[in-house]
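Engineer: here is my input, please return the structure:
(one chain, ligands or ions: 1)
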Amino acid sequence: MAYQNIYVDREGPLAIITVNRPKSLNALNSQTLRELTQAVRDNADQRALILTGAGDKAFVAGADISEMAPMTPWSAREFSELGHVVTALLEDIPCATIAAVNGYALGGGLELAVACDMIFASENARLGLPEVSLGVTPGFGGTQRLVRLVGKLRAKEMIFTAEMIDARTALDIGLVNAVLPPDRLLAHCKQVAEKIATRGPLAVARAKRLVERGYDMPLRAANRQEAESFALLFDTEDRREGMRAFIEKRSPRFTGK
Ligand code: DAK
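Structural biologist: Sure, this is the predicted structure:
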């Protein structure tokens, strides 16, 4: 697929997907959502995937309001589905996903970020769910994922007031992992991604699935699932290599088998 609104850079085990519509602050129209879905799918076998926005002003300033304005309830439903597909995919793929929030992350932009495994923000980032100021609710999972990250009280305040918060406040409420100077953001995300890429790929993928799936399960069932995964990984070459490397005091050479 030739992309018009995003670009993808592969750097060894990492893929960097950049939403590239800086004139509209990287707003997500349906074409961009389709391209993102394709790019995430095509790069799911990389070890880590970084999502960011082009330019120095915005990660993604939300769903494209000019495309949404004339929508009927039916086309709005279809549009919402596109957002749900890409956000669910980000949670389902085995590789780690990192949002590099380099400016505004609003509405659908924040919803995209909170579907990633980690969020790093630049000092100039502003995050929010302004949908109710447009007369709609968040439509790409914002009412659900944000609550799980920051709790009901904070999420409701953000959703009901539609106010943006700055990067420091986002850090204080546990919405981002860390705040970096703008010129250090991408390098930091790459560092974290490269670190993850040195770890056992099957173990990282399993751990991601356990966290995602276990979150909504009763604790006992989730712990049982964890025990089963742990046991299954004992039958892998990576597990043997990881433990052998420790005993031989060298770095492991994981093959994903
Ligand atoms: N969509 C389209 N264009 C956008 C945009 C957006 N979300 N955000 C910015 N732009 C465009 C502006 O219109 C402007 O275009 P020109 O006038 O230059 O042609 C250009 O980007 C630069 O923006 P500004 O001139 O406004 O820049 P400022 O620095 O003054 O302000 C801002 C930056 C981010 C504060 C401001 O642009 C802003 O408030 N933008 C809108 C942010 C927003 O409300 N985002 C949430 C969108 S709603 C659903 C499905 C999906 C959703 C909801 C429901 N269902 C089906 C139920 C999702 C909803 C959303 O994400």
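Engineer: how many residues are close by the nearest residue to residue 40 once chain neighbours are set aside?
Structural biologist: For residue 40, ignoring the flanking residues on the chain, the nearest one in space by CB to CB, 6 or more residues apart in numbering is residue 89 at 5.1 Å. Just so you know, the C-beta spots here come from the backbone N, C-alpha and C atoms, and that holds for glycine as well. Neighbours of residue 89 under the rule other CB atoms under 10 Å: 16.
Engineer: ok, now which ones touch residue 89?
Structural biologist: 37, 40, 41, 44 (CB atoms under 8 Å, 6 or more residues apart in numbering).
Engineer: name the element it belongs to?
Structural biologist: In the assignment (DSSP states H and E), residue 89 maps to helix 73-92.
Engineer: next secondary structure after that helix?
Structural biologist: Following helix 73-92 in sequence, per DSSP H and E, is strand 96-101.
Engineer: now that following strand: mean pLDDT?
Structural biologist: If you average the pLDDT over strand 96-101, you get 98.
Engineer: which elements pack onto that strand?
Structural biologist: strand 48-53, strand 58-60, helix 108-114, strand 118-122, helix 185-197 (3 or more CB pairs under 8 Å, 6 or more residues apart in numbering; DSSP states H and E).
Engineer: contacts for that strand?
Structural biologist: 40, 47-52, 59, 90, 105, 112-113, 115-122, 125, 127, 167, 176, 185-186, 189, 192-193, 196, 204, 208.
Engineer: 7 Å instead?
Structural biologist: Residues from elsewhere that reach strand 96-101 (CB atoms under 7 Å, 6 or more residues apart in numbering): 48-52, 59, 90, 113, 116-122, 125, 127, 176, 185-186, 189, 192-193, 196, 204, 208.
Engineer: go on, stretch 141-150?
Structural biologist: 84, 87, 110-111, 114-115, 129, 137, 155, 158-159, 173-175, 215.
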